[in-house]
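> turn this into a structure:
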Amino acid sequence: MASKTYNVGVIGYGMSAKVFHIPLILVTPSFNLSAIVQRTPKPNDSASSDHPTAKIHSSATTLFADPSIDIIVITTTPDTHFTFTKSALQAGKHVIVEKPFVPSSEQADELIAISKETGKLICVYQNRRWDSDFLTVRKLIAEGTIGRVVEFETHFDRYKPVKPESWKGTLGMEQAGGVVYDLGTHLIDQAYVLFGLPRSVNAVFENQRDDGSEEPDSITVLLGYGAGKPLVTAKAGVMCVETDQLRYWVRGTKGSFKKFHLDVQEDQLKAGLKPGDEGFGVEDEERSGTLVVLEGDKPKGSVLKNVVPETYKALYEGFAKAVAGGGESAVPVKASEARDVLRIIEAARESAKSGKTVTL
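Numbers count the residues shown, from 1 in each chain. Below is the predicted model of the structure:
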């Protein structure tokens, strides 16, 4: 018996759709790119020209009403995510929604309830769970190579002296805009995957550009997990002039791991490569991390290559299995997990405003 093919409709036709979602839809065997919502096509930016077999809608409303659509992928700005996800679920569609999931944990809870009522699934696109360097860190920790983790640092530091003109620089935090919802979501999600919900949150939000904006452009968030558990530092700054940017620094009772550089998949997708192409997701060896472990009572360092990449297609493949019958337990990034990350972000915002530790 042939496996079912699921028709997918994409809302939005910006970078998120073109770079991160449509290429993954096209390499997922059971998914068919059936429709795209593009409000204002241009001669050099036309979904119909790029994907002539897809039906093009000018409004999400007509996409929701299309009975042939099984799954809707939401790639628009985060202030639209709640309304679009709610409408899609109530129209009987499964949903993949870009991060940040929604502006608040309260909205996340409402969507989780609607998902249960309708029997339709939500997956949040936290793709950096499948960064090869993060999978390498997970393996090191799981195997006990560096012992019990005492400190974990995860960084997205860059030199970006000019505020972006996209939602990342124009939407406020109340609309899930800015650095804490953009990059902070990735950093905190990775900590959550490794260690779960923290006991305490401390945060400092800053405007390193000093451009007069009331919204922060840089964050430092400390997550405390209690006695014998790690202290997590999640940091994103925009005034970091370095030739090599730190990504991870993990310290344990038996060793440490330090990694510079970002995962290569985003740049490869922007260049037109896709999962399955030769070398996709594979970093050059000179970008490998450094593992230091004790030999006797002396530290010894070695180069540690990344694990074999699973690539971002693993998220789509996982969701395909979930909608094919695996159900909520098979969803690769559950709405409840994204809700917990939002709770941590909300605690960080409260701490940054009050200057006090917030307990979860």
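
> next secondary structure element downstream of the helix or strand containing Ile72?
Secondary-structure assignment from DSSP states H and E places Ile72 in strand 71-74. Elements were assigned by DSSP H and E; along the chain past strand 71-74, the next helix or strand is helix 81-90.

> what angle sits between the helix or strand following that following helix and helix 81-90?
Where DSSP H and E defines the elements, the next helix or strand beyond helix 81-90 is strand 94-98. Angle between the axes of strand 94-98 and helix 81-90 is 170 degrees (criterion: axes from the mean of the first three to the mean of the last three CA atoms, to 10 degrees).

> which other helices and strands contact strand 94-98?
strand 71-74, helix 81-90, strand 122-125, helix 313-321 (3 or more CB pairs under 8 Å, 6 or more residues apart in numbering; DSSP states H and E). All C-beta spots, glycine's among them, are computed from the backbone N, C-alpha and C.

> just checking: what are the partner strands of that strand?
strand 71-74 (parallel), strand 122-125 (parallel) (DSSP bridges).

> report the rounded mean pLDDT for the first one.
Predicted confidence along strand 71-74 averages 98 (mean pLDDT).

> mind saving the C-alpha coords of it as PDB?
The C-alpha coordinates for strand 71-74 follow below in PDB (Å, rounded to 0.1, in the frame of the first residue of the first chain):
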ATOM      1  CA  ILE A  71      -0.300  20.900   6.900                       C
ATOM      2  CA  ILE A  72       0.300  24.700   7.100                       C
ATOM      3  CA  VAL A  73       3.800  26.100   7.600                       C
ATOM      4  CA  ILE A  74       3.800  29.600   9.200                       C
END
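
> mind listing what the closest residue in space to Lys229 that isn't next to it in sequence touches?
Sequence neighbours aside, Phe195 is the residue nearest to Lys229 in space, at 7.2 Å (criterion: CB to CB, 6 or more residues apart in numbering). Residues counted as contacts of Phe195 (CB atoms under 8 Å, 6 or more residues apart in numbering) are Phe152, Leu223, Tyr225, Lys229, Pro230, Val232.

> adding pLDDT, write these out as TSV.
What follows is these, written out as TSV (pLDDT from 0 to 100):
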residue	pLDDT
Phe152	98
Leu223	98
Tyr225	98
Lys229	97
Pro230	98
Val232	98
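
> closest to Phe260 out of those?
Nearest to Phe260 among the contacts of Phe195 is Phe152, at 15.9 Å by CB to CB.

> strand partners (parallel or antiparallel) of the helix or strand where the closest one lies?
Under the criterion of DSSP H and E, Phe152 resides in strand 149-155. Strand 149-155 has the following strand partners under DSSP bridges: strand 231-236 (parallel), strand 246-252 (antiparallel).

> ok, and for that strand, which residues are buried?
Within strand 149-155, the residues that qualify as buried by neighbour count (16 or more other CB atoms under 10 Å) are Val149, Phe152, Glu153, Thr154, His155.

> ok, now stretch 111-123?
Leu111, Ile112, Ile114, Ser115, Lys120, Leu121, Ile122, Cys123.

> what's the farthest-apart pair in the residues you listed?
Of all pairs drawn from those, the greatest distance, 14.7 Å, lies between Ile114 and Cys123 (CB to CB).

> which helix or strand in this structure has the lowest average pLDDT?
When the helices and strands of the chain are scored by mean pLDDT, DSSP states H and E, helix 167-170 comes last with a mean of 90.

> got the CA positions of the helix or strand following it in CSV?
Stepping forward along the backbone from helix 167-170, the first helix or strand reached (DSSP H and E) is helix 179-195. What follows is helix 179-195, C-alpha atoms only, in CSV (Å, rounded to 0.1, in the frame of the first residue of the first chain):
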residue,chain,number,x,y,z
VAL,A,179,17.3,39.6,20.3
VAL,A,180,15.8,37.6,23.2
TYR,A,181,13.0,36.1,21.0
ASP,A,182,15.2,35.8,17.9
LEU,A,183,18.6,34.4,19.0
GLY,A,184,17.7,33.9,22.7
THR,A,185,15.0,31.4,21.8
HIS,A,186,17.7,29.2,20.2
LEU,A,187,20.1,29.5,23.0
ILE,A,188,17.6,28.9,25.8
ASP,A,189,15.9,26.0,23.8
GLN,A,190,19.3,24.2,23.6
ALA,A,191,19.8,24.6,27.4
TYR,A,192,16.3,23.4,27.9
VAL,A,193,16.9,20.3,25.7
LEU,A,194,20.0,19.5,27.8
PHE,A,195,18.9,20.3,31.3
